[in-house]
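>>> quick one, structure for this:
(one chain, ligands or ions: 1)
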Amino acid sequence: MTTVVRECVPISEARSQSAATTISSHPSRHSSIRAAIATAHANIALIKYWGKKDTLLRLPFTPSISMTVDQLYTTTRFEILPSADHNFFVLGGEEQSGAAAQRAFDYVRLLQQRFGVSGHFRIETVNHVPMSAGLASSSSAFAALAGAFAGAYGLHVSRAELSRMARLGSGSACRSIYGGLSEWLPGTDDHSSYAIALNEHPDIDLNLIAVQVDVSPKPISSTQGMARVVATSPYFPVWVQQTRKACAQMREAIQRKDFSAIGQIAQQNALDMHALNLTARPGFTYFQPDTIRAMRVVDDLRASGVECYYTMDAGSNLKVLVQSGNVSAVTHRLSHDLPHAMLTRAGFGPGISVSRLGEKE
Ligand code: 2P0
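The predicted structure is shown next:
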């Protein structure tokens, strides 16, 4: 009889595995098998990655800094299938065959080439997103897939290497290897471009309220949006210069645990990124009317003494940065002024965890 046993992969950090148990730990019918389950949390950039100097390697022009959040995470199970004749991608319980599956398969093949391993495989992934949080992110998805891949093949990789691997799937994913606050060092080649932990357990009173103002699809993907500004905006060099400066300031603000400075720098960097998009040829924006309404609510609150700041990514939703004592005042005002917006509160989340599933005769 075959028994599935669980063991720690060297790359794993000690943390609860409860999330991972929502995906079956039993081998599929194609077994005898090596498999692993990884859970990675999404991150929200306080200083944005917006522009690649190498699109294949996903090397960014600038460093970026993010907060890993507790409320959104992805759990992915990767299983090597020696006797299968094709690959499988199951998302939220449903087998996929479209572009999402192709992107995952291409990514895994890239990792297989990188490590000189092979074989058909099955990816089963579940995104744990609070209802309509508007926080969907490729950051947790590719970090979890990189972790599960490494676990299934028994690769002894460092967290820096896991970060490089995640980066090849989606740039922002390299920061989701770590909990708390992390920074992506842009580097100049594959080896030197990876994220590091700035503070995995920050003693900073920093909460995030995601404000989903609109559910319509974004006009342009983040990959395409950033490629367009790099290729066409006359202001792109200014963005690079300002973002490098903002990163240095943010590092210092984090060290000082200075919420006001963190908020101010994050908000201005988000505004710079969205202003840059307007200067592409042709210009574009992710803002919807309610994005601007929500921005004004946050600015009004701050002017009236309730300190809070916003940041926005490649979409119309806001993430409001606020200290614990002001969460209810901010939530109350946002609910009143934007009655259709869905609000979700998040705090600092943990780094990636990987559980290897092996086989014992
Ligand atoms: C960030 N974003 O730093 C920035 C801010 C969105 C706005 O990283 O092309 O999905 O797959 O490397 O990681 C979204 O971009 O882009 C992103 P690719 P990704 O979080």
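>>> got the residue ranges for the helices in the stretch 151-300 of the chain?
Under the criterion DSSP state H, counting those that start in this stretch, the stretch 151-300 of the chain contains helices at 159-169, 222-232, 236-256, 259-278, 289-303.
>>> of all these, which one is nearest the ligand?
The minimum distance between the ligand and those falls on helix 222-232, with 3.4 Å, by C-beta to the nearest ligand atom. Just so you know, the C-beta spots here come from the backbone N, C-alpha and C atoms, and that holds for glycine as well.
>>> check the burial of residue 189 by counting its neighbours.
9 (other C-beta atoms under 10 Å).
>>> that one touches residue 56, doesn't it?
No: contact criterion C-beta atoms under 8 Å: residue 189 and residue 56 do not qualify, at 11.7 Å.
>>> as TSV, the helices of the stretch 151-300 of the chain with mean neighbour count and mean pLDDT would be great.
Below are the helices of the stretch 151-300 of the chain laid out as TSV (neighbours: other C-beta atoms under 10 Å; pLDDT from 0 to 100):
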stretch	mean neighbour count	mean pLDDT
helix 159-169	24	98
helix 222-232	17	97
helix 236-256	17	98
helix 259-278	20	98
helix 289-303	17	97
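>>> as TSV, those helices with distance to the ligand would be great.
Listed next are the helices of the stretch 151-300 of the chain as TSV, based on distance: least, C-beta to the nearest ligand atom, whole Å:
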stretch	distance to the ligand
helix 159-169	7
helix 222-232	3
helix 236-256	10
helix 259-278	7
helix 289-303	14
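>>> looking at the ones you listed, which is nearest to residue 214?
Minimum separation from residue 214 across those (C-beta to C-beta) falls at helix 289-303, 5.9 Å.
>>> what's the closest one packed up against?
On a contact count with 3 or more C-beta pairs under 8 Å, 6 or more residues apart in numbering; DSSP states H and E, helix 289-303 meets strand 308-312, strand 318-322, helix 327-337.
>>> neighbouring contacts of the second one?
To tie it back to what came earlier, the one meant is strand 318-322. Identification of contacts with strand 318-322 by C-beta atoms under 8 Å, 6 or more residues apart in numbering yields 44, 206-211, 213, 259, 262-263, 266-267, 291, 294-295, 298, 307-313, 330, 334.
>>> follow-up on the earlier one: okay if I get the helices and strands packed on helix 289-303 as a markdown table plus distance to the ligand?
Output for the helices and strands packed on helix 289-303, formatted as a markdown table (distance: least, C-beta to the nearest ligand atom, whole Å):
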| stretch | distance to the ligand |
| --- | --- |
| strand 308-312 | 8 |
| strand 318-322 | 11 |
| helix 327-337 | 21 |
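>>> out of the ones you listed, which is the most enclosed?
Mean neighbour count (mean count of other C-beta atoms under 10 Å) peaks for strand 318-322 among the helices and strands packed on helix 289-303, with a mean of 27.
>>> between that strand and helix 289-303, how many degrees?
Going by axes from the mean of the first three to the mean of the last three C-alpha atoms, to 10 degrees, strand 318-322 is angled at 10 degrees with respect to helix 289-303.
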